[in-house]
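Trainee: Provided below are the primary sequence and the corresponding predicted coordinates.
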Amino acid sequence: MSLDTYIAGLPKAELHLHIEGSLEPELMFELARRNGVAIPFDSVEAVRAAYDFSNLQDFLDIYYAGANVLLTRRDFEDLAFAYFQRAAADNVRHAEIFFDPQTHTDRGVPFGVVVEGLIAGMERAKTELGVTSGLILSFLRHLSEEEAFATLEAATPYLRHFVGVGLDSSEVGHPPSKFERVFAAARELGLKLCAHAGEEGPPAYVREALDLLHIDRMDHGNRSMEDEDLILRLAASRMTLTVCPLSNLKLCVVRDLKDHPVPEMLRRGLHVTLNSDDPAYFGGYVNENYRQLAQAVGLTRDQLTLLARNSFEGSFLSEPDKAARIAEVEAYAARSA
Ligand SMILES: Nc1ncnc2[nH]cnc12
Ligand SMILES: [Zn+2]
């Protein structure tokens, strides 16, 4: 069995996926037509050609503009279900997906429309595809603490639908400390806590995410590798890092996939997972991230198995559910040996 075939059949969880970042240009055009929204592109090819980014902000500008076509409950359901179809094809068995409510409520789309549409897509994924999922409400860090609190307040009637909160958008200049009180409030509500840290921001931001936000899971975490104490601490605490290789390449966090920190992270005992981040913008869903990274840095079958195992272990599933999913990974590895 080739490594690609092995990756394709490996059961996996996806833990770092922005649902708005799974909006493929074809669906963008369909929704623009359906909703009568103008988009500044003539064709699907022109949209793809615009996906040439020098950094995170370059991408975010286009990503927020793309989200303008999402207006109705059905749009959010279609968006979510389209992602789950792609994920199921990659043998993703469980996904914990971020959404950015402020991107929509600031355009006048009610919070409930967004959540109800996403939940409908998630329920269809469970019944039609057998893929389970959780929803993570992500705060936009370029906006204020006050706006984040207002978002948490708007989320209150829907709390049962969320497994956690996250922190995303422009990292540099918006350190985790800005959201210390909002994260404390989210924790009080029983939500798990994630934050993007060390994607472009310095190791000091990673420390703040640990010490001030008390996160349960770290998104990206690449720049932790610049700080020896941080590496030791992340390894000792078995903090799950949701690493996104193709995102890092497209946003110039790494110059070449050959330079990607995953092999060093694994060597240092970090609890790494592989994820697609914004697959419609970065050129590949989760299997493509496994495949391209494996090819660039020479990952072994055992390392790929470990990454898949970590993805369930680092999820917010219950302990018995985690154990059952991990057993499926082990059984697949044994069968393929
Ligand atoms: N990679 C990323 N970093 C920060 N914010 C994001 N929002 C969507 N994708 C993101
Ligand atoms: Zn992300």
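Mentor: Structure received. Ligands and ions are numbered 1, 2, ... in the order given.

Trainee: what residues does this structure put near ligand 1?
Mentor: Within reach of ligand 1 by CB under 6 Å from any ligand atom, the chain has these residues: 18, 21, 56, 63, 168, 169, 196, 199, 247, 277, 278. Bear in mind the C-beta positions are built from the backbone N, C-alpha and C, glycine included.

Trainee: mind listing which of those are in helices?
Mentor: Using DSSP state H, the subset of the residues of the chain next to ligand 1 located in helices is 56, 63, 247.

Trainee: Would you state the strands of this protein in chain order?
Mentor: Using DSSP state E, the strands of the chain run over residues 12-18, 92-99, 132-140, 162-168, 192-197, 217-220, 240-243, 271-274.

Trainee: Can you say which of these is packed in most?
Mentor: Of all those, strand 12-18 has the most neighbours on average by mean count of other CB atoms under 10 Å, namely a mean of 29.

Trainee: What residues does the residue in the stretch 101-250 of the chain that ligand 1 sits nearest to make contact with?
Mentor: For the stretch 101-250 of the chain and ligand 1, the shortest gap (CB to the nearest ligand atom) falls at residue 168, measuring 3.5 Å. Contacts for residue 168 were tallied using CB atoms under 8 Å, 6 or more residues apart in numbering; they are 18, 98, 100, 138, 139, 140, 141, 196, 219.

Trainee: Can you convert those into JSON lines and add a column each for distance to residue 116 and pLDDT?
Mentor: Shown next, in JSON lines, are the contacts of residue 168 (distance: CB to CB, whole Å; pLDDT from 0 to 100):
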{"residue": "18", "distance to residue 116": "19", "pLDDT": "98"}
{"residue": "98", "distance to residue 116": "17", "pLDDT": "98"}
{"residue": "100", "distance to residue 116": "16", "pLDDT": "98"}
{"residue": "138", "distance to residue 116": "18", "pLDDT": "98"}
{"residue": "139", "distance to residue 116": "20", "pLDDT": "98"}
{"residue": "140", "distance to residue 116": "21", "pLDDT": "98"}
{"residue": "141", "distance to residue 116": "26", "pLDDT": "98"}
{"residue": "196", "distance to residue 116": "26", "pLDDT": "98"}
{"residue": "219", "distance to residue 116": "25", "pLDDT": "98"}
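
Trainee: which among these gets closest to residue 184?
Mentor: When the contacts of residue 168 are compared for distance to residue 184 (CB to CB), residue 139 wins out at 13.1 Å.

Trainee: number of nearby residues for the nearest residue to that closest one once chain neighbours are set aside?
Mentor: Distances taken as CB to CB, 6 or more residues apart in numbering put residue 148 closest to residue 139, at 4.3 Å, once the chain neighbours are dropped. Residues near residue 148, counting by other CB atoms under 10 Å, number 24.

Trainee: beta partners for residue 194?
Mentor: Here residue 194 sits in beta bridges with residue 217, going by DSSP bridges.

Trainee: and it, what pLDDT?
Mentor: pLDDT, residue 194: 98.

Trainee: That one reaches residue 166, doesn't it?
Mentor: Yes. Assessed by CB atoms under 8 Å, residue 194 is found in contact with residue 166 at 4.4 Å.

Trainee: And the helices in the stretch 51-200 of the chain?
Mentor: Assigned by DSSP state H, counting those that start in this stretch, the stretch 51-200 of the chain shows helices spanning 56-66, 73-89, 101-105, 111-124, 145-155, 180-188.

Trainee: which residues touch the second one?
Mentor: With contact meaning CB under 8 Å, 6+ apart, helix 73-89 is reached by 14, 17, 19-20, 22-24, 27, 31, 34-35, 69-70, 95, 97, 113-114, 116-118, 120-122, 124-125, 129-131, 133, 279, 285-286.

Trainee: Only the buried residues of that helix, if you could.
Mentor: Judged by neighbour count using 16 or more other CB atoms under 10 Å, the buried positions of helix 73-89 are 73, 75-84, 86-88.

Trainee: Please apply the same query to the fourth one.
Mentor: For helix 111-124, a neighbour-count test (16+ other CB under 10 Å) marks 111, 113, 114, 115, 116, 117, 118, 119, 120, 121, 122, 124 as buried.

Trainee: Next one, pLDDT for residue 337 please.
Mentor: Predicted confidence (pLDDT) for residue 337: 85.

Trainee: Okay, it and ligand 1: tell me how far apart.
Mentor: Per CB to the nearest ligand atom, to the nearest Å, residue 337 is found 35 Å from ligand 1.

Trainee: Burial check on that residue, number of neighbours?
Mentor: By other CB under 10 Å, 7 other residues sit near residue 337.

Trainee: Please apply the same query to residue 288.
Mentor: Residue 288: 17 surrounding residues under other CB under 10 Å.

Trainee: Please apply the same query to the one 5 residues further on.
Mentor: Counted with other CB under 10 Å, residues neighbouring residue 293 total 26.

Trainee: Give me the pLDDT for it.
Mentor: The confidence metric pLDDT takes the value 98 at residue 293.

Trainee: correct me, but it touches residue 265?
Mentor: No. At 11.5 Å, residue 293 and residue 265 do not qualify as touching, with contact defined as CB under 8 Å.

Trainee: circling back: can I get the strands of the chain in a markdown table including distance to residue 182?
Mentor: As requested, these are exported to a markdown table (distance: least, CB to CB, whole Å):
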| stretch | distance to residue 182 |
| --- | --- |
| strand 12-18 | 19 |
| strand 92-99 | 16 |
| strand 132-140 | 7 |
| strand 162-168 | 8 |
| strand 192-197 | 10 |
| strand 217-220 | 16 |
| strand 240-243 | 20 |
| strand 271-274 | 25 |
